[in-house]
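1. Mind folding the following:
(one chain, ligands or ions: 2)
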Amino acid sequence: MSALDIDITLNTGAKIPAVGFGTVCFDEFKSQFKDALKAALLEGHYRHIDTAWYYGTEALIGEVLQELFESGKLKREDIFVTTKVWPSFWKDPLKSLEKSLHDLRLDYVDLFLQHWPLAFEGDENGLPAVPKDAEGNVKFAKGADYLSTWKKMILIYKNTTKTRAIGVSNYTPKMLTRLLKETDVVPATNQVELHPHLPQVELVKFCKEHKIVVEAFSPLGGNGAPNLKIPLVQQLAKKYNVPAVDIIVNYHAQAGRVVLPRSQNVERIKKGFSEVKLTEKELAELDQFGIDHPKRFINDVWGNDLGFEHWGQ
Ligand SMILES: NC(=O)C1=CN([C@@H]2O[C@H](COP(=O)(O)OP(=O)(O)OC[C@H]3O[C@@H](n4cnc5c(N)ncnc54)[C@H](O)[C@@H]3O)[C@@H](O)[C@H]2O)C=CC1
Ligand SMILES: O=C1O[C@H](CO)[C@@H](O)[C@@H]1O
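-> Residues are numbered from 1 along each chain as shown. Ligands and ions are numbered 1, 2, ... in the order given. The predicted structure is shown next:
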């Protein structure tokens, strides 16, 4: 069996494929992006795309989806699509979602996330995405409350057919506690940086208790995939005779988490990921590695005040 076949049930009752195709794409790889996504959907058997307005790849995804739908190679219901509202659109998540749907050429997404619990100044089109003052500091929207975006997302979820579920990203347990106290929809997911260097044990426990599915972003540690070099990951790869990436993917899928690896390498994508049955002891050892050697790889400056641990290490 492939890890790509594993599904996880959301608190809405819908199923989310445990492995999603990460769609951050740097300019130098943009020309490969459509071929990579096509390979992922057709030959790699990916059924889940993780995107965001901020990534600038939604129009490319829309072109691929239209081509595959029109040729009959794929049906809308075969795939799970997530998009996100960026902090510069905090006042108008509906407009952000409508822009994403337009570019994706879809009528609905399966999951709509609040990308960050933050609000930036921005015009009605969410631009600039990261507004800065003359000194280069990010311009946060004064007096804005990140929960106001979530409250508007609840209205979209309840009153439109544009998304089947809503969730959050980059929320801490403290922020989730406030959200649960002040609003009446439990996020379906919380998408956060999570991998053997950052196991986020407390956050994972909190989400489990509240039936919020955890989605692991930057599972390989981002550019250059540093997590594949962790000695314990390499050791387990050798033991199970699989590539190191399969150990990381199964570390999440087996624990009931979604995992979102990114690759624009067609040959790699076609290989997919074998399902590996790691033992409870090995899963705990992978967590313990991160407790002993914590490292966060995505250190965006706008996150400085969020109270994240191991920020900038
Ligand atoms: N919600 C959020 O704030 C965030 C969400 N994300 C989501 O998570 C996805 C994945 O995270 P990323 O930071 O993009 O990166 P990642 O942790 O998936 O690592 C990508 C790097 O690993 C390399 N790689 C992939 N497969 C490999 C293999 N088999 N062997 C060797 N190297 C390999 C790629 O070439 C690239 O350099 C994003 O594309 C996006 O969809 C990412 C960052 C933040
Ligand atoms: O989702 C995201 O991707 C970028 C780059 O990794 C990050 O800033 C953002 O949260």
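2. How about the residues of the stretch 201-313 of the chain by ligand 2?
-> Residues of the stretch 201-313 of the chain lying close to ligand 2 by Cβ under 6 Å from any ligand atom are 298, 300. C-beta: built from backbone N, CA, C; applies to glycine.
3. Strands along the stretch 201-313 of the chain, start to end?
-> Using DSSP state E, counting those that start in this stretch, the strands of the stretch 201-313 of the chain run over residues 213-217, 258-259.
4. what's the most buried one of these?
-> strand 258-259 (a mean of 28; mean count of other Cβ atoms under 10 Å).
5. State the mean pLDDT of it.
-> The pLDDT scores in strand 258-259 average 98.
6. Do any residues in it lie close to ligand 1?
-> No - on the criterion Cβ under 6 Å from any ligand atom, strand 258-259 is out of touch with ligand 1, staying 8.8 Å away.
7. Equivalent analysis for stretch 47-60, please.
-> Yes - Stretch 47-60 is in contact with ligand 1 by Cβ under 6 Å from any ligand atom, via residue 50.
8. List the buried residues of that stretch.
-> Using 16 or more other Cβ atoms under 10 Å as the test for burial, stretch 47-60 gives 47-58, 60.
9. Columns pLDDT and secondary structure on top of these, output as CSV?
-> Shown next, in CSV, are the buried residues of stretch 47-60 (pLDDT from 0 to 100; DSSP: H, G, I helix; E, B strand; the rest coil):
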residue, pLDDT, secondary structure
47, 97, coil
48, 98, strand
49, 98, strand
50, 98, strand
51, 98, coil
52, 98, coil
53, 98, helix
54, 98, helix
55, 98, helix
56, 97, coil
57, 98, coil
58, 98, helix
60, 98, helix
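10. and which of these is nearest to residue 137?
-> Lowest distance from residue 137 to those (Cβ to Cβ) belongs to residue 54, with 19.2 Å.
11. Not including adjacent chain positions, what is the nearest residue to that closest one?
-> residue 86 (4.5 Å; Cβ to Cβ, 6 or more residues apart in numbering).
12. The one you found: what's it in contact with?
-> The neighbourhood of residue 86, defined by Cβ atoms under 8 Å, 6 or more residues apart in numbering, consists of 52, 53, 54, 96, 115, 116, 120, 126, 129.
13. I'd like to know how far it sits from residue 258.
-> 20 Å (Cβ to Cβ, to the nearest Å).
14. Quick check: nearest residue in space to residue 40, chain neighbours excluded?
-> residue 46 (4.1 Å).
15. Check what pLDDT the one you found gets.
-> In this model, residue 46 carries a pLDDT of 97.
16. Get me the contact residues on the stretch 1-150 of the chain for ligand 1.
-> Of all the residues in the stretch 1-150 of the chain, those lying near ligand 1 are 22, 23, 24, 50, 115, going by Cβ under 6 Å from any ligand atom.
17. Drop the exposed ones from those and show what's left.
-> Judged by 16+ other Cβ under 10 Å, buried ones among those: 22, 23, 24, 50, 115.
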